[in-house]
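**Q** got a predicted model here, sequence first, then my questions.
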Amino acid sequence: MTDFRLAKVHYVPAAPEPGVLYVSEEYKIAMHLCACGCGSKVPVSLGPAGWTVTERNGRPTIRPSIGSGQLPCRSHYFITDGRVDWLRAMSAAQTVAALNSDHGRREAYYRDLNRKPRWWVRLWKGMLGLFGLG
């Protein structure tokens, strides 16, 4: 498979078509069948701690790369403007490193989200509230 088209959906279909990147903005997930043709479903979470999907002329770009090191095919590729750009297959060590990196990125994002704002931010917001601007 060398090309993907974008399909914005509410729910990802149970029987996805090859060459389609399904994106559910409501559920913050994208899914496609592996570009190598093995038939494996490849889901990715979207958002600040996950992947991003952009669109140009109906053609998707997804970042970071898709690494299927946990699948038998070990595929690794980018999808850019709907085109598959192949990278080297992922080794077991690369797969572990990528999973650890993803986990660390999510942990840092949610840790920062739950962090109490600094005193000056709270003060500024309080002042804006006093003047009906907050």
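**A** Received it, and whenever you're ready, just let me know what you need.

**Q** parallel or antiparallel, list what pairs with the longest strand seen in the chain.
**A** Looking across the chain with DSSP state E, the single longest strand is strand 59-67. Taking DSSP bridges as the criterion, strand 59-67 sits next to strand 52-56 (antiparallel), strand 76-80 (antiparallel) in its sheet.

**Q** grab the longest helix from this structure for me.
**A** Counting by DSSP state H, the longest helix found in the chain is helix 92-114.

**Q** still on that earlier bit, ranking the strands paired with strand 59-67 by burial, who's on top?
**A** strand 76-80 (a mean of 19; mean count of other Cβ atoms under 10 Å). C-beta coordinates here come from the backbone N, C-alpha and C atoms, glycine included.

**Q** averaged pLDDT, stretch 98-114. What do you get?
**A** Averaging pLDDT along stretch 98-114 yields 82.

**Q** okay, now the residue nearest to Asp3 when sequence neighbours are not counted: neighbour count?
**A** In this structure, Asp3 finds its nearest non-sequential neighbour in Gly82, 5.2 Å apart by Cβ to Cβ, 6 or more residues apart in numbering. Other residues near Gly82 come to 19 when the count uses other Cβ atoms under 10 Å.

**Q** the one 10 residues further on too?
**A** By the criterion of other Cβ under 10 Å, Ala92 has 10 neighbours.

**Q** ok, now the one 5 residues further on?
**A** Other residues near Ala97 number 14, with proximity taken as other Cβ under 10 Å.

**Q** show me the contacts for it.
**A** With contact set as Cβ atoms under 8 Å, 6 or more residues apart in numbering, Ala97 has no partners.

**Q** show me what the longest strand of the chain is in contact with.
**A** For strand 59-67, contacts defined as Cβ under 8 Å, 6+ apart pick out 4-6, 21, 23, 30, 35, 42, 44, 51-55, 75-83, 87, 90, 94-95, 98.
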